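# Below: sequence and its predicted model.
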Amino acid sequence: RKEVEQDPGPFNVPEGATVAFNCTYSNSASQSFFWYRQDCRKEPKLLMSVYSSGNEDGRFTAQLNRASQYISLLIRDSKLSDSATYLCVVNDMNRDDKIIFGKGTRLHILP
Amino acid sequence: EAGVTQSPTHLIKTRGQQATLRCSPISGHTSVYWYQQALGLGLQFLLWYDEGEERNRGNFPPRFSGRQFPNYSSELNVNALELEDSALYLCASSGIGQGILEPQHFGDGTRLSIL
């Protein structure tokens, strides 16, 4: 099993729809989780941290499921500007300090 | 507040040469990370420096090396350049709070092209 795995997509979603994608991780001791957004030929930008209790920021909701070892990102009322690649990041500070980025999920919002 | 800055923006080298890439972290951040983003391969972790020490390195050959200076800026050096080293090299910085990694903030990257 890969350390961090994401469905590469692309997810083609009509504007206004709700879309969700997951990211699975293999190390149960992982402690920090983040979602980043990367536009074409740009650097990744932090979208949100993922907390154990789940967290919401406007149209975006992130959740962590430790039992099944995945994090999820839900985007409601999707906008054309949400088109991007979404990267998940998993880190375990206690075990050899590994920081692992998923390869990303491509999202295309269709007008 | 200034973000993470990287230089140069573009770097063109030939096989066998050496390249030096530079990164200045956000003020107050002590950790600097280097990543390689090659076409189709996603973001690959290269190196992590914190407080001047190398904390971890990814699965790259020894010709990829770097250092972190007392002011927390960092250099990435790539020796004996090969064609497959052509990629976007991203630097990120973060703080470390209470043993938990804080989110990383990225620079715009250096695009290295090997001819």
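Everything's here; your move. Residues are numbered from 1 along each chain as shown, chains lettered A, B, ... in the order given.

# so where do the strands sit in the chain?
Went with chain A since none was named. Along chain A, counting by DSSP state E, strands occupy A:4-6, A:11-14, A:19-25, A:32-38, A:45-49, A:55-57, A:60-65, A:70-75, A:84-92, A:98-101, A:105-110.

# try again with chain B
Taking DSSP E, the strands of chain B run over residues B:5-7, B:10-13, B:19-24, B:31-38, B:42-50, B:53-57, B:64-68, B:74-78, B:87-94, B:96-97, B:100-101, B:105-106, B:110-114.

# Can you lay out those strands as CSV showing mean pLDDT and mean neighbour count?
In this view, the C-beta of every residue, glycine as well, is placed from N, C-alpha and C. Output for the strands of chain B, formatted as CSV (pLDDT from 0 to 100; neighbours: other C-beta atoms under 10 Å in any protein chain shown):
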stretch, mean pLDDT, mean neighbour count
strand B:5-7, 97, 17
strand B:10-13, 97, 14
strand B:19-24, 98, 20
strand B:31-38, 92, 23
strand B:42-50, 87, 22
strand B:53-57, 87, 14
strand B:64-68, 96, 19
strand B:74-78, 98, 21
strand B:87-94, 93, 24
strand B:96-97, 62, 12
strand B:100-101, 60, 17
strand B:105-106, 90, 20
strand B:110-114, 96, 18
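
# which one of those strands lies closest to residue A:80?
For these, proximity to residue A:80 was assessed by C-beta to C-beta; strand B:105-106 is nearest, at 23.5 Å.

# which secondary structure elements does that closest one contact?
strand B:87-94 (3 or more C-beta pairs under 8 Å, 6 or more residues apart in numbering or on different chains; DSSP states H and E).

# the inter-axis angle of the strand it packs on versus strand B:74-78?
150 degrees (axes from the mean of the first three to the mean of the last three C-alpha atoms, to 10 degrees).

# hang on, the earlier thing: deepest of the strands of chain A, which one?
strand A:84-92 (a mean of 24; mean count of other C-beta atoms under 10 Å in any protein chain shown).

# Quick one: residues contacting residue A:64.
For residue A:64, the contact set (C-beta atoms under 8 Å, 6 or more residues apart in numbering or on different chains) comprises A:33, A:50-52, A:54, A:71.

# what bridges to it?
Going by DSSP bridges, residue A:64 is paired in beta bridges with residue A:71.

# What distance do you get for it to residue A:19?
From residue A:64 over to residue A:19 the distance is 19 Å, taken as C-beta to C-beta, to the nearest Å.

# same check, this time on residue A:84
Using C-beta to C-beta, one gets 12 Å for the distance from residue A:84 to residue A:19.

# nearest residue to residue A:107 other than its sequence neighbours?
In this structure, residue A:107 finds its nearest non-sequential neighbour in residue A:11, 5.0 Å apart by C-beta to C-beta, 6 or more residues apart in numbering or on different chains.
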